[in-house]
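Fold the following for me, if possible:
(one chain, ligands or ions: 1)
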Amino acid sequence: MIYTLTPNPAIDMNVTADSVEKNVVSRTRDAVYTPNGKGLNVSFTLQHFGIRAPILGFFGGFSGRYIIDGARGRACEAHPVMVDGITRINTFVTCGPDEYKFPSAGCAVPRGRQLKMLELIDGLADLECLVVSGSLPPQIEPTFYDEVIHHVHARGAEVVLDTSHARLAELVEKRPLLIKPNDEEVAAIFGVDVKSEADIVSALRLIHEHGCKNILLTLGERGAYFYDGARVWRASAARVEVYSTACAGDATLASFLSLWFADRENVEGALRRAMATGGSVAMCAGLGDFARVAELEGQIRVEVVA
Ligand SMILES: O=P(O)(O)OC[C@@]1(O)O[C@H](CO)[C@@H](O)[C@@H]1O
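Residues are numbered from 1 along each chain as shown. Next comes the predicted model:
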């Protein structure tokens with residue numbers, strides 16, 4: 001079974017504004033509140049594609065309860081580790097063609113609660129893969145990622161990592177099954193350019209040499225690349241009118257896993273579904289209803305480029 005771990009969940013608040021200016025009141029409308037956080041988005045998307053992916057995470061206060069209730073309301077199993085404090089609310093403002101993103105720091109997770117999470121992971125008898133997604137809240141040291149990987153590997157299970165933390169450069173040496181960086185993360189964390197296709201292929205090979213078994217590199221409207229240590233695939237992006245790109249990367253990762261985790265040969269089908277799902281999510285606030293995935297799949301071109 002695939003599980004997801006979101007160390008720092010959030011309620012996402014998506015709003016629309018006609019203008020955003022400093023030192024004046026910028027009124028917003030159309031607020032949409034959704035239970036989120038990177039790993040939860042992965043679980044919800046997997047659930048859409050018929051794959052149960054129980055949720056692990058740290059939750060607190062009214063906002064934490066709203067997220068847990070929202071997950072259970074979608075028939076997603078949740079194993080919360082409760083903390084004092086209030087789970088964060090992240091704000092996403094769409095203003096014409098521009099997006100403003102304001103993630104909060106999150107609520108502190110004391111060491112005792114971190115150990116409780118590791119204990120929970122140790123007890124997951126059916127764990128095959130843990131998708132660890134998103135940032136770390138206050139009081140959690142970056143080495144918590146290392147500890148989680150150690151506990152998952154000790155159970156004989158695999159780890160998928162999606163984090164923009166600089167520690168990713170060391171974590172790839174622990175041989176995760178897959179990482180899903182974007183172009184900015186590859187440049188910032190691994191110090192390599194991904195402007196041309198030649199740059200991209202070299203970057204993928206470099207990250208693979210450091211230990212990561214598979215890499216799904218997402219590039220927004222430039223599409224995505226996948227490397228498994230043997231071949232590099234390129235997939236085009238869906239051509240859609242973007243409302244908010246928040247959650248699109250998580251949905252891309254989850255929809256890729258929904259096919260590829262069980263059938264590692266089906267990279268082409270998995271990439272087609274991934275790009276269509278990411279496109280459908282970018283058209284709306286939150287994850288939306290995935291209504292246009294099948295139609296968008298027809299637009300996606302996938303080819304082996306190296
Ligand atoms: O602060 P993190 O954990 O890196 O990102 C959190 C977050 O921005 O990621 C998701 C979109 O990918 C949102 O649902 C959520 O608010």
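
Can you give the domain ranges for the protein?
1-120, 164-305 (the TED database).

Need the ones you listed in a markdown table (columns: distance to H151 and mean pLDDT).
Any C-beta I mention is one placed from the backbone N, CA and C, and that applies to glycine too. Converted to a markdown table, the domains of the chain look like this (distance: least, CB to CB, whole Å; pLDDT from 0 to 100):
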| stretch | distance to H151 | mean pLDDT |
| --- | --- | --- |
| domain 1-120 | 5 | 97 |
| domain 164-305 | 12 | 96 |
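
Including mean neighbour count and distance to the ligand, could those go into a markdown table?
Output for these, formatted as a markdown table (neighbours: other CB atoms under 10 Å; distance: least, CB to the nearest ligand atom, whole Å):
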| stretch | mean neighbour count | distance to the ligand |
| --- | --- | --- |
| domain 1-120 | 18 | 3 |
| domain 164-305 | 19 | 5 |
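
With distance to I149 as added columns, please give these in TSV.
Converted to TSV, those look like this (distance: least, CB to CB, whole Å):
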stretch	distance to I149
domain 1-120	11
domain 164-305	5
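
got the contact list for A246?
Contact analysis of A246 by CB atoms under 8 Å, 6 or more residues apart in numbering lists D12, N14, N90, F92, E99, K101, G286.

what helices or strands is the helix or strand where the first one lies leaning on?
In this case it means D12. For D12, the element it lies in under DSSP states H and E is strand 10-17. If you count contacts as 3 or more CB pairs under 8 Å, 6 or more residues apart in numbering; DSSP states H and E, strand 10-17 packs onto strand 28-36, helix 61-73, strand 88-95.

Quote the end-to-end distance of stretch 291-300.
16 Å (CA to CA, to the nearest Å).

and the gap between the nearest residue to N41 once chain neighbours are set aside and S43?
Residue nearest to N41 in three dimensions, not counting chain neighbours: D250, with 3.5 Å by CB to CB, 6 or more residues apart in numbering. From D250 across to S43, the span is 9 Å (CB to CB, to the nearest Å).
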